[in-house]
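Requesting a structural model of the entry that follows:
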Amino acid sequence: MTGKSAVLATDLSTASESMVESETGLNCLSRIGVDRVHLVTVVPSNVHSGMPGIDFEKRRKRGLRRYRSTVEAAGFDVETHVVRGTPHRRINGIAGAVGADLILVGSRGKSPLENRVIGSTARNLARTTVVPLLVDRIERGVDEPETVRRHLFKRTLFATDFSENAERAFETFEYLRHATEEVTLVHVRSPKDDTGDEDDVEARLGDLVDRLDGWGLEARTDVRRGDPAAEILAAEREHEPSTLLLGSRGRSRLRRLLLGSVSEEVVVNAAGNVFLVPPPRSA
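Predicted structure coming up:
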């Protein structure tokens with residue numbers, strides 16, 4: 001397994017700290033082949049160095065030095081980046097510049113106040129990333145938040161519509177399998193579904209089960225009917241996976257739709273982590 005690099009985006013909040021200092025989470029990254037981590041924090045473009053009593057760049061450099069020590073102690077090579085601008089654009093830019101294989105960002109999920117955060121960072125990253133994005137869900141409403149799911153990939157729920165990009169997402173099991181023990185395959189049949197009759201759906205899922213078995217992974221299937229986003233979220237509540245895995249944009253051919261309603265709703269409303277796999281840059 002070749003070495004991978006990850007961009008870990010942080011705003012140096014207590015929520016971000018819980019993500020960076022999760023020994024289990026860092027171990028999961030190591031098991032899927034990540035050996036280099038780029039710690040990135042973005043100073044908002046509307047914050048100026050001349051503002052009285054504020055030097056965000058120095059504070060963030062100090063914070064990143066502390067995080068760097070933690071991540072290096074876990075066995076990773078680490079580089080730090082303090083940049084200025086719009087968070088999702090700068091994070092994507094650094095990921096492209098360093099050739100990152102994935103981006104990791106923490107999110108406290110949806111709430112009347114905190115939805116602003118996911119709207120400006122995790123959601124915008126999900127809409128624009130060209131490398132796989134892991135949204136690590138952090139507890140909200142507590143003074144010392146922890147990650148909602150201790151393990152990143154131990155129990156993975158893979159949602160598929162049998163599209164080309166769903167297949168691309170499925171192929172990440174080639175490396176996720178090193179940190180995964182069980183997989184739940186979910187397919188939702190909607191009124192507009194054109195993926196064939198029930199026997200055809202079961203056969204397609206059976207093929208995926210066989211491929212997972214070849215990687216030594218236990219798998220079960222769950223075929224549902226109804227609204228895809230609502231049913232994927234219902235499956236998450238029922239099976240309680242560590243992470244939801246899905247491809248973005250599905251069958252959409254309109255690039256500027258980017259995520260599409262299903263993936264976006266899952267990213268915003270999932271209780272646990274979401275691993276989102278986009279199409280290639282040229283798609």
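
what about the helices in the stretch 101-250 of the chain?
115-120, 122-128, 164-170, 173-176, 198-214, 228-239 (DSSP state H, counting those that start in this stretch).

Provide the contact partners of the second one at residue level.
Outside helix 122-128, the residues that touch it by CB atoms under 8 Å, 6 or more residues apart in numbering are 9, 87-89, 91-92, 103, 105, 107, 133, 135, 248, 258-259, 263-264, 267-268, 276. Using the backbone N, CA and C atoms, a C-beta is placed for each residue, glycine as well.

how about it: buried residues?
Ala122, Arg123, Asn124, Leu125, Ala126, Arg127 (16 or more other CB atoms under 10 Å).

could you dump the residues you listed to TSV with pLDDT and distance to Phe170?
Formatted as TSV, these follow (pLDDT from 0 to 100; distance: CB to CB, whole Å):
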residue	pLDDT	distance to Phe170
Ala122	84	23
Arg123	82	24
Asn124	85	25
Leu125	88	22
Ala126	86	19
Arg127	83	22
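
Just name the closest of those to Asn165, please.
For those, the minimum distance to Asn165 (CB to CB) is 13.6 Å, reached by Ala126.

if I look at that closest one, how far off is Lys154?
22 Å (CB to CB, to the nearest Å).

Secondary structure element holding the nearest residue to Glu146 once chain neighbours are set aside?
Nearest residue to Glu146, sequence neighbours excluded (CB to CB, 6 or more residues apart in numbering): Ser18, at 5.0 Å. Here Ser18, judged by DSSP states H and E, is contained in helix 14-20.

Report the buried residues of the very next helix or strand once past that helix.
Moving toward the C-terminus from helix 14-20, the first helix or strand encountered (DSSP H and E) is helix 23-31. Of the residues in helix 23-31, Gly25, Leu26, Cys28, Leu29, Ser30, Arg31 count as buried by neighbour count, 16+ other CB under 10 Å.

Now helix 23-31: average pLDDT?
What helix 23-31 shows for mean pLDDT is 92.

Could you tell me whether Thr80 really is in a strand?
Yes. Counting by DSSP: H, G, I helix; E, B strand; the rest coil, Thr80 is found in a strand.

Hmm, Arg66 and it touching each other?
No. Applying CB atoms under 8 Å, one finds Thr80 not in contact with Arg66, separated by 10.5 Å.

more crowded one of these two?
Thr80 (17 against 12; other CB atoms under 10 Å).

how about Thr24, what does it touch?
Contacts of Thr24 (CB under 8 Å, 6+ apart): Arg150, His151, Leu152.

Buried by neighbour count, from those: which ones?
His151, Leu152.
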